[in-house]
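In: Generate a structure from the sequence data that follows.
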Amino acid sequence: MTRRGGAALTASPVLVGAVTVLVTIVAVFLAYNANSGLPFVPTYDLKANLPNAAQLVEGFEVRIGGARVGVISDIEPKQRQDGSTYAQVTMKLDKGIEPLPADSTLLVRPRSSLGLKYIELTPGNQTADERGLRPGSTIPIRRARPEVVELDEVFNMFDARTRLGSRNSLDGYGGGLAGRGRDLNSAIEAFVPLLRDLEPVARNLSAPGTRLDRFFRSLADAATEVAPVAEQQASLFVNLDTSFRALASVARPFIQETITEGPRSEAVAIRDFPIQRPFLRNNAAFFRELRPGVATLPRSAPILADAFEAGTEVLPRTIPVNEDLADVFEALAEFSDDPLVRRGVDQLTRLASSLRPTLRFLTPAQTVCNYGTLWFRNAASLLSDGVPNGTWQRFQVVAAPTDTSVLSRGLPLVYGPNNEGLPSSGPANGPQRENHLHYNPYPNTAAPGQPRECEAGNETYDAGRTVIGNDAGRLSTETDGQPRGASSGVGP
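Out: Predicted coordinates:
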């Protein structure tokens, strides 16, 4: 019975076919996933950050010392906060190498000239007491070594244009050098002294202090700046050719003589220019001091023109005056040599210093309010102006206001208490509207510490109000004899 059952199992074509298909499926599955690791086999998973993936794909190998220790299971791009990017790869490694030291490094290397790559891991020098990389850890980007030039990148340089240029160069060099072997030998022999002298020059250029690398970078920057104006520069050379062609007609003898006399002219300039420096320095200081005056010329030019016009008539008459003044100046010279005069001048200097505060206080009375000119004008009018009875100096009656209501009591004709007609015990302060004292003994004259106003002669009469002293802040600086709106006094 047993033998019969076993014979029936192997003899069944359906069962044999099913087992064969199952074995084939398992083999295909294992072969397909071989690059990603066999199923149900534990792995040591790590992540690593790289500057770029460098054409890595999933399934590429990870090696240590040339031996395969794992595969790449995932590649994911990452972005930093500043916008730059890097690549993060996930590696499934054999459990036998766990744990890798924390200072391990990695490098993307070519596997063949067809573009295949792999990651080469280099374990670090971590001691046994230090903790290594745990599963799931990430190797930082600083552990990725600098990129190297791969073979496929070298081949990529030879594109169609480069190959065509190389072929043309070889053709040109071949035709140019054919039959010139002896000349080349002579040239190489002649290069020996040149190279001997070139060695110290090259040593100086290669020294770090010369910073030759910056020179070439600067040349590149200069070329970048010049590139947009290349056409303008080309036209510049065309125009220069036109200019030089025109100069060729006068090159001899005019330009030649100019060049010949140039050294003599430069020698004279070298000798004379230092002598002129004090003059130029003083001239510059002179014009610098003239700037404030020149700034006022637009306003003062008409006045100066009138002065020059009047001066042309007056100056010819000053010649006899100047001759007569010679004796005067000689007398003044003798007078200035007298020691007593110097003492007198010192006394006048002290007097002027003591009068300076007073003059500073009184000056605005004329320069702003024109009071000095008005005083002389009014003083002259005392003896010339007046009424049929005489001038103001000889006859003037000032009548006090009267009040007829006091006649019934036999009192003099007055207008209220403390009026100007009788002796008073106080300032007039009503009750009548006209019986108010208006008196300002020290009016404002725009002096230092006072409001900028000309109060004397400009006070308003406030009927029904007693005003004693300054009523500042209400008046302008206009007085009689000034143009309307002027801020400084002038003579009438």
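
In: Helix, strand, or coil at Glu434?
Out: Assigned with DSSP: H, G, I helix; E, B strand; the rest coil, Glu434 falls in the coil class.

In: Quick check: it vs Ile259, distance?
Out: 101 Å (C-beta to C-beta, to the nearest Å). No exception for glycine: its C-beta is placed from N, CA and C like everyone else's.

In: what's downstream of the top helix by length along the chain, the next helix or strand?
Out: The longest helix of the chain (DSSP state H) is helix 256-295. Sequence-wise, the next helix or strand downstream of helix 256-295 (DSSP states H and E) is helix 297-314.

In: tell me which residues in the longest strand along the chain are buried?
Out: Of all the elements of type strand in the chain, the one with the most residues (DSSP state E) is strand 67-79. By neighbour count on 16 or more other C-beta atoms under 10 Å, the buried set for strand 67-79 is Val69, Gly70, Val71, Ile72, Ser73.

In: Report the beta-bridge partners for the third one.
Out: Put plainly, it is Val71. Glu61, Lys92 (DSSP bridges).

In: distance of it from Phe155?
Out: Taking C-beta to C-beta, one finds Val71 at 26 Å from Phe155.

In: Tell me if Ala48 really is in a strand.
Out: Yes: under three-state DSSP, Ala48 sits within a strand.

In: Report pLDDT for it.
Out: We note a pLDDT of 86 for Ala48 in this prediction.

In: list the contacts for it?
Out: Contacts for Ala48 (C-beta atoms under 8 Å, 6 or more residues apart in numbering) come out as Gln88, Val89, Met91, Leu106, Ile119, Thr138, Ile139, Arg143, Ala144.

In: pLDDT and distance to Glu225 added to the buried residues of strand 67-79, as JSON lines?
Out: Below are the buried residues of strand 67-79 laid out as JSON lines (pLDDT from 0 to 100; distance: C-beta to C-beta, whole Å):
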{"residue": "Val69", "pLDDT": "85", "distance to Glu225": "53"}
{"residue": "Gly70", "pLDDT": "87", "distance to Glu225": "51"}
{"residue": "Val71", "pLDDT": "87", "distance to Glu225": "50"}
{"residue": "Ile72", "pLDDT": "86", "distance to Glu225": "45"}
{"residue": "Ser73", "pLDDT": "86", "distance to Glu225": "50"}
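
In: Which member of the residues you listed is positioned nearest Ala187?
Out: Ala187 lies nearest to Ile72 out of the buried residues of strand 67-79, by C-beta to C-beta, at 55.0 Å.

In: From Glu58, how far off is the closest one?
Out: 6 Å.

In: How about Asp221?
Out: Asp221 is 43 Å from Glu58, by C-beta to C-beta.

In: Between those two, which has more neighbouring residues?
Out: Glu58 (13 against 10; other C-beta atoms under 10 Å).

In: Return the backbone torsion pair for the more buried one.
Out: phi -60, psi 140 (degrees, to the nearest 10).

In: what sits against it?
Out: Ser36, Ile72, Ser73, Asp74, Ile75.

In: On the pLDDT front, check it for me.
Out: Reading off the confidence values, Glu58 has pLDDT 83.

In: And it, how close does it get to Pro135?
Out: 19 Å.

In: how would you label Ile119: helix, strand or coil?
Out: Ile119 is classified as strand under three-state DSSP.

In: mind checking how far the most centrally placed residue in the chain is from Gln233?
Out: Nearest to the mean C-alpha position of the chain, by C-alpha atoms, centre = their mean, lies Glu225 at 22.6 Å. Remark: distance between Glu225 and Gln233 (C-beta to C-beta) = 12 Å.

In: Helices of the stretch 51-200 of the chain, residue ranges please.
Out: 151-156, 160-177, 181-206 (DSSP state H, counting those that start in this stretch).

In: Next secondary structure after the last one?
Out: If you walk from helix 181-206 toward the C-terminus, the next helix or strand you reach (DSSP H and E) is helix 212-226.

In: Can you dump the C-alpha atoms of that next one in CSV for me?
Out: Only the C-alpha atoms of helix 212-226 are listed here, as CSV (Å, rounded to 0.1, in the frame of the first residue of the first chain):
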residue,chain,number,x,y,z
LEU,A,212,47.9,84.5,-8.2
ASP,A,213,44.5,82.7,-8.0
ARG,A,214,42.8,86.1,-7.3
PHE,A,215,44.5,87.5,-10.4
PHE,A,216,42.8,85.0,-12.7
ARG,A,217,39.5,85.3,-10.9
SER,A,218,39.8,89.1,-11.3
LEU,A,219,40.6,88.6,-15.0
ALA,A,220,37.4,86.5,-15.3
ASP,A,221,35.4,89.2,-13.6
ALA,A,222,36.9,91.8,-15.8
ALA,A,223,36.0,89.8,-18.9
THR,A,224,32.5,89.4,-17.6
GLU,A,225,32.2,93.1,-17.2
VAL,A,226,33.7,93.9,-20.6
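
In: Name the surrounding residues that touch whichever helix or strand comes after that helix.
Out: Once helix 212-226 ends, the next helix or strand along the chain (criterion: DSSP H and E) is helix 230-248. Applying C-beta under 8 Å, 6+ apart, the set of residues contacting helix 230-248 from outside is Val226, Ile255.

In: Helix 230-248 to helix 212-226, inter-axis angle?
Out: For helix 230-248 against helix 212-226, the angle by axes from the mean of the first three to the mean of the last three C-alpha atoms, to 10 degrees is 90 degrees.

In: what's the offset of helix 230-248 from the middle of its chain?
Out: Distance of helix 230-248 from its chain centroid, counting by C-alpha atoms, centre = their mean, to the nearest Å, is 37 Å.

In: next one: stretch 426-434
Out: On C-alpha atoms, centre = their mean, the centre of stretch 426-434 falls 71 Å from that of its chain.

In: Can you tell me how far Ala428 is from Thr460?
Out: Relative to Thr460, and taking C-beta to C-beta, Ala428 is found at 18 Å.

In: number of nearby residues for the closest residue to Thr122 other than its chain neighbours?
Out: If the residues on either side of it in the chain are set aside, Thr122 comes closest to Thr105, at 4.8 Å by C-beta to C-beta, 6 or more residues apart in numbering. Thr105 sits with 16 neighbouring residues when counted by other C-beta under 10 Å.

In: quick one: Thr105 and Ile139, what's the gap?
Out: 8 Å.

In: Kindly state the domain boundaries assigned to the chain.
Out: 33-155, 338-397+437-492 (automatic domain parsing).

In: Now render these as a markdown table, adding distance to Ala285.
Out: Putting the domains of the chain into a markdown table (distance: least, C-beta to C-beta, whole Å) gives the following:
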| stretch | distance to Ala285 |
| --- | --- |
| domain 33-155 | 57 |
| domain 338-397+437-492 | 29 |
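
In: and of the ones you listed, who's closest to Pro263?
Out: Comparing these by C-beta to C-beta, domain 33-155 comes nearest, at 58.1 Å.

In: mind checking how far Gly175 is from Glu434?
Out: 129 Å.

In: So these two - more neighbours on which side?
Out: Between Gly175 and Glu434, counted using other C-beta under 10 Å, Glu434 has the larger neighbour count: 13 against 9.

In: gap between the more buried one and Gly209?
Out: Glu434 is 102 Å from Gly209, by C-beta to C-beta.
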